[in-house]
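Visitor: when you get a sec, could you give me coordinates for this:
(one chain, ligands or ions: 1)
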Amino acid sequence: MTAQVLDGLAAAAAIKAELRERVTALRERGVVPGLGTLLVGEDPGSVSYVGGKHRDSAEIGVESIRADLPADATEAEVHETIARLNADPAVTGYIVQLPLPRGMDEHAALVAVDPAKDVDGLHPANLGELVLGVDGEISTPLPCTPAGCLELLRRNDVSVSGKHVVVIGRGLTVGRPLGLLLTRKGVDATVTLTHSRTTDLAAEVRRADVVVAAVGVPHLVKPEWVKPGAAVLDVGVTRVGTTATGRAKLAGDVDPGVAEVAGWLSPNPGGVGPMTRAMLLANVVAAAERTVGRAG
Ligand SMILES: Nc1nc(=O)c2c([nH]1)NC[C@@H]1CN(c3ccc(C(=O)N[C@@H](CCC(=O)O)C(=O)O)cc3)C=[N+]21
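Guide: Residues are numbered from 1 along each chain as shown. Predicted structure coming up:
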């Protein structure tokens, strides 16, 4: 058996086509959505992701506002830039690209973002809404990678309702908020949130109907761990060298052999990454629509 491909590029293209129409409607009302990014330093992964976010924005008519600071920028400069993005009316929403350089206080940066402009869904107020709003609709932005995981499954008719989902990794941007999203009413998964201190990860994964690997350990999830027919989302990515042509060689958290056991598998690249970017744009468009609502 070979797993069906959970094609993130195709799903993201469909989402972007829908968003493009909403952007056109906003522009007709004189509202121009703008995505801001704050990037500190030159981590090659971060540079590549931020570039992708702005390319996607241009495709659907969202303006780009880039703030790039050198790796040796001071924390005060980072906070000045955050204040500027908070105040800039052209910026509908923005993200502080993580990780920040070693030694910088990420929590302090995330708290400083205006919650109304937090299109990452990582401000404590928005994460708090995610915790409090488990029983109903919430209008605050959802963290992009967790939302992208659910949307990729939904668009491929893979239901998680009543299913056992094993999430590997408890990080701020994926595992922890994903556990909250999966257990909301209407999503209704049963979740096991595993991490580096989990005693027997292989045994946990073997019981899973859906596996989400988000740790950044190349090829961690082995074919023998996966229940035949399970859906596997490969979220983590690690740069493991460069190709002869100078491009980055990437390795996901899932061993390629899993494709022979799983029922569905998201490729990496081409799976959850493009969905993360699509969800970011969805948050920007929704934030712009909320400003229209406020104006009457
Ligand atoms: N504040 C913040 N928000 C984030 O959402 C955030 C972050 N910081 N820091 C890092 C992680 C990682 N992340 C990715 C986004 C897109 C791809 C992506 O589009 N990947 C392409 C390949 C891109 C390539 O070739 O490098 C793919 O999977 O097909 C990957 C990873 C967002 N993150």
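
Visitor: what residues does the stretch 51-200 of the chain have near the ligand?
Guide: Residues of the stretch 51-200 of the chain lying close to the ligand by CB under 6 Å from any ligand atom are 52, 95, 96, 97, 98, 120, 144, 145, 173. Yep, even glycine has a C-beta here, placed from its N, CA and C like the rest.

Visitor: any idea which element the first one lies in?
Guide: Taking DSSP states H and E as the criterion, residue 52 maps to helix 44-60.

Visitor: next SSE after that helix?
Guide: Going down the chain from helix 44-60, the next helix or strand is strand 63-69, by DSSP H and E.

Visitor: next, the buried residues of that following strand.
Guide: Residues 63, 64, 65, 67, 69 are the ones in strand 63-69 that count as buried (16 or more other CB atoms under 10 Å).

Visitor: so what secondary structure elements neighbour the longest helix along the chain?
Guide: In the chain, assigned by DSSP state H, the helix with the most residues is helix 272-295. Other helices and strands packing on helix 272-295, by 3 or more CB pairs under 8 Å, 6 or more residues apart in numbering; DSSP states H and E, are helix 8-28, strand 34-40, helix 44-60, strand 93-96, helix 144-155.

Visitor: for residue 204, which of the ones you listed is the nearest?
Guide: helix 144-155 (17.9 Å; CB to CB).

Visitor: burial of the closest residue to residue 292 other than its chain neighbours, as a residue count?
Guide: Among residues not flanking residue 292 along the chain, residue 31 sits closest, at 5.7 Å (CB to CB, 6 or more residues apart in numbering). By the criterion of other CB atoms under 10 Å, residue 31 has 16 neighbours.

Visitor: one more: residue 192?
Guide: What residue 192 shows, counting by other CB under 10 Å, is a neighbour count of 16.

Visitor: for whichever residue of the stretch 51-200 of the chain sits closest to the ligand, give me the pLDDT.
Guide: In the stretch 51-200 of the chain, the residue that lies nearest the ligand is residue 98 (3.6 Å; CB to the nearest ligand atom). What the model reports as pLDDT for residue 98 is 95.

Visitor: can you tell me the closest non-neighbouring residue to the residue of the chain found nearest the ligand?
Guide: Here the residue of the chain nearest the ligand is residue 273; by CB to the nearest ligand atom that distance is 2.2 Å. Nearest non-adjacent residue to residue 273, counting by CB to CB, 6+ apart: residue 8, 6.5 Å away.

Visitor: list the contacts of the one you found.
Guide: Contacts for residue 8 (CB atoms under 8 Å, 6 or more residues apart in numbering) come out as 148, 152, 266, 267, 270, 271, 272, 273, 274, 275.

Visitor: now do residue 174
Guide: 143, 145, 146, 149, 212, 214, 235.

Visitor: could you chop the chain up by domain?
Guide: Here the domain parsing of the chain from automatic domain parsing is 30-115, 143-274.

Visitor: residue 22 is nearest to which of those domains?
Guide: Closest approach to residue 22 among the domains of the chain (CB to CB): domain 30-115, 8.7 Å.

Visitor: relative to the whole chain's centre, how far out is that closest one?
Guide: Relative to the chain's own centre, domain 30-115 is displaced by 15 Å; criterion: CA atoms, centre = their mean, to the nearest Å.

Visitor: in this protein, which residue is most central in space?
Guide: residue 145 (1.9 Å; CA atoms, centre = their mean).

Visitor: wait, that one touches residue 274, no?
Guide: No - with contact defined as CB atoms under 8 Å, residue 145 does not count as touching residue 274 (11.2 Å).

Visitor: can you show me the helices along the stretch 51-200 of the chain?
Guide: 75-87, 106-112, 124-132, 144-155, 175-182 (DSSP state H, counting those that start in this stretch).

Visitor: in terms of mean pLDDT, which of those ranks lowest?
Guide: helix 124-132 (a mean of 92).

Visitor: which residues touch that helix?
Guide: In this structure, residues lying in contact with helix 124-132 by CB under 8 Å, 6+ apart are 110-111, 115, 118, 121, 138, 140-143, 177, 180-181.
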